[in-house]
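**Q** predicted model follows, preceded by the sequence.
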Amino acid sequence: MFFVLSKIVWFLFSPVNFVILLAGLAALLAFSRFARPARWLGLFAVIMLGLMAFSPLPRAVIRPLEDRFPQQDAAKGPVTGIVVLGGAIGLARGDVVLNASASRMTKAVELARLHPQAKIVFAGGAANLISEATVTEADGAKRLMEGLGLEPGRLILEDKSRNTLENAVFTRRLVDPKPGERWLLVTSAWHMPRAMGVFRKAGFAVEAFPVDYWSRGKPDDFTQPYSRAPRALEIADNGFKEWVGLVAYRLAGYTDTLFPGP
């Protein structure tokens, strides 16, 4: 139920979707007796869209999330296993497709080569709400990692999870981590606080290994505007989604703190 509700609510209230819906409503009202308030509504939607597309707002939203957990030395060992969260890969027309979070996958392969004894666990099923998928993210991960030379015996696939909560719960059941083992969690830096909170709540002690940074980590992140609207809108949408997700997961009891940290 939580999964379905979260998909519906986020579709309606993601910042980009919301301002587009407002603009559409303003256009419809412009031909009614509400033409005057429609103009103000349309103006508000355009201003909000402009702030997300060209101002420093997306960096200001994403930067605190990405700064929460520090980067690690990839060569530091020993490592029992590496858990890689889905959200970066899929299959289309029989071939691997990577999105803007591709560094989750490339860093996983790098870590696998640096730590040849470590198990590699990929967690990601199919998060489709409307149609039932026959191909999962895990299928794409298997093809990519084995194609890049990872031995099949080292790869463990968790292909049922649809969100971060299920990533943690299902992966813990699958690998049954033991006390004293060292497991790394690889996911996007902006997603790491929520992911760490959920894994801790699930009783899986992992170390944060953040990747896929969208802010530059420089002082002018909070003042430097964007020049490409599509990139800025994607960052704004993901950043706001994570903040909303942190609140929702805390209220639902899936994490123990509102903003998990080191």
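**A** Arrived safely. Everything numeric here is computed off the predicted structure, so don't read it as measured data. Residues are numbered from 1 along each chain as shown.
**Q** for this protein, give me the ranges with low pLDDT.
**A** For the chain, applying pLDDT under 70 flags the ranges 1-4, 10, 12, 127-133.
**Q** now the helices for it?
**A** Using DSSP state H, the helices of the chain run over 2-13, 15-29, 35-54, 57-67, 103-114, 137-147, 164-175, 192-201, 229-252.
**Q** which of those sits closest to residue 156?
**A** helix 164-175 (6.6 Å; Cβ to Cβ). Bear in mind the C-beta positions are built from the backbone N, C-alpha and C, glycine included.
**Q** select, out of the helices of the chain, the one closest to residue 186.
**A** Nearest of the helices of the chain (Cβ to Cβ): helix 103-114, 5.5 Å.
**Q** neighbouring contacts of that closest one?
**A** By Cβ atoms under 8 Å, 6 or more residues apart in numbering, the list of residues contacting helix 103-114 from outside reads 74-75, 77, 79, 82, 84-85, 87-89, 98, 118, 120, 122, 141, 144-145, 148, 150, 154, 184, 186-188, 209, 211-212.
**Q** buried sites along that helix?
**A** Residues 103, 104, 105, 107, 108, 109, 110, 111, 112 are the ones in helix 103-114 that count as buried (16 or more other Cβ atoms under 10 Å).
**Q** ok, so of those residues, who is nearest residue 163?
**A** residue 104 (15.7 Å).
**Q** now do that closest one against residue 98, distance only.
**A** To residue 98, residue 104 is 9 Å away according to Cβ to Cβ, to the nearest Å.
**Q** picking that back up, for residue 179, state which of the buried residues of helix 103-114 is nearest.
**A** residue 111 (22.2 Å).
**Q** shared neighbours, residue 104 and residue 98?
**A** Common contacts of residue 104 and residue 98 (Cβ under 8 Å, 6+ apart): 88, 89.
**Q** picking that back up, which of the contacts of helix 103-114 fall within strands?
**A** Using DSSP state E, the subset of those located in strands is 82, 84-85, 89, 98, 120, 122, 184, 186-188, 209, 211.
**Q** most remote residue from the middle of this structure, which is it?
**A** residue 33 (43.0 Å; Cα atoms, centre = their mean).
**Q** count the residues that sit near residue 207.
**A** Per other Cβ atoms under 10 Å, the neighbour tally for residue 207 reads 15.
**Q** just list whatever residues bridge to the closest residue in space to it that isn't next to it in sequence.
**A** What sits nearest to residue 207 in space, not counting adjacent residues and going by Cβ to Cβ, 6 or more residues apart in numbering, is residue 184, at 5.3 Å. In this entry, residue 184 is beta-bridged to residue 82, residue 207, by DSSP bridges.
**Q** is it true that residue 184 touches residue 209?
**A** Yes: under the criterion of Cβ atoms under 8 Å, residue 184 makes contact with residue 209 at 4.4 Å.
**Q** out of these two, which sits in the busier spot?
**A** Neighbour totals were compared for residue 184 and residue 209, and residue 209 leads with 26 against 22 (other Cβ under 10 Å).
**Q** who's in contact with residue 53?
**A** Residues in contact with residue 53, defined by Cβ under 8 Å, 6+ apart, are 226, 229, 232, 233.
**Q** from residue 226, how far off is it?
**A** For residue 53, the distance to residue 226 - Cβ to Cβ - is 7 Å.
**Q** what residues are shared contacts of the two?
**A** residue 232.
**Q** next, the buried residues of stretch 150-162.
**A** Using 16+ other Cβ under 10 Å as the test for burial, stretch 150-162 gives 150, 154, 155, 156, 157, 158, 159, 160, 161, 162.
**Q** coming back round to it: ok, and which of the helices of the chain has the densest surroundings?
**A** Among the helices of the chain, helix 192-201 has the highest mean neighbour count (mean count of other Cβ atoms under 10 Å), at a mean of 24.
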